[in-house]
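[1] Provided below for reference: sequence and predicted model.
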Amino acid sequence: MAPEILLHRGCSFNPTVQSDIYSFGMALYELMTGERIWQDLTSLEQLVQRVASGERPPLHDDSRLSRLIASCWQHAPSSRPHANEVVEELLEIILHESELAEKLPYEYARSFWYNSFGVVRRSRLARNPIEPCVHQHEP
């Protein structure tokens, strides 16, 4: 959960696109590492304390995917990338970082990457240039 959601529990604070971006970064981390986040914690209070203090799980390398995850985890919601930026960066990673799947530490993560994005990679390579899948509409 994003820091702003955890810090406002009990209040009527609704999730936002930016809090979803934070959660998406956490999901990407779990897929990339095969590790369950904060598995050592035994209470919600411990989670709130860690996340509120700015602590995040360790990133094991400086790959584009790790940098994307770190940007999704920014403490301030306004510092996180917009959804269209996340999609565009993921497409770039899929198209141009083909060796990434080989670097993933767990077989099921490699399998997920190939099965989920291999088709996208092949179909996007067939037509150039890359067209963004999501468009940001300003209010």
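    Looks like it arrived, so ask away. Numbering: from 1, shown residues only.

[2] All the helices of this protein, in order from the start?
    Counting by DSSP state H, one finds helices in the chain at the ranges 3-7, 17-33, 44-52, 64-72, 83-96, 100-103, 107-126.

[3] Extract the C-alpha trace of the third one and format it as CSV.
    Listed next in CSV are the C-alpha coordinates belonging to helix 44-52 (Å, rounded to 0.1, in the frame of the first residue of the first chain):
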residue,chain,number,x,y,z
LEU,A,44,0.3,-3.6,10.1
GLU,A,45,1.9,-1.1,12.5
GLN,A,46,5.3,-2.3,11.5
LEU,A,47,4.4,-1.9,7.8
VAL,A,48,3.1,1.6,8.4
GLN,A,49,6.2,2.5,10.3
ARG,A,50,8.6,1.2,7.6
VAL,A,51,6.7,2.7,4.6
ALA,A,52,6.0,6.0,6.3
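
[4] list the helices and strands it packs on?
    Applying 3 or more CB pairs under 8 Å, 6 or more residues apart in numbering; DSSP states H and E, one finds that helix 44-52 contacts helix 3-7. Backbone N, C-alpha and C define where each C-beta goes, glycine included.

[5] Show me what the helix it packs on is packed up against.
    Taking 3+ CB pairs under 8 Å, 6+ apart as the contact cut, helix 3-7 packs with helix 17-33, helix 44-52.

[6] Going by mean pLDDT, which of those comes out lowest?
    Among the helices and strands packed on helix 3-7, helix 44-52 has the lowest mean pLDDT, at a mean of 87.

[7] Now tell me what touches it from outside.
    1, 2, 3, 6, 7, 9, 38, 41 (CB atoms under 8 Å, 6 or more residues apart in numbering).

[8] how about 6 Å then?
    Applying CB atoms under 6 Å, 6 or more residues apart in numbering, the contact partners of helix 44-52 are 3, 6, 7, 38, 41.

[9] For this structure, give me the ranges with low pLDDT.
    9-13, 95-139 (pLDDT under 70).
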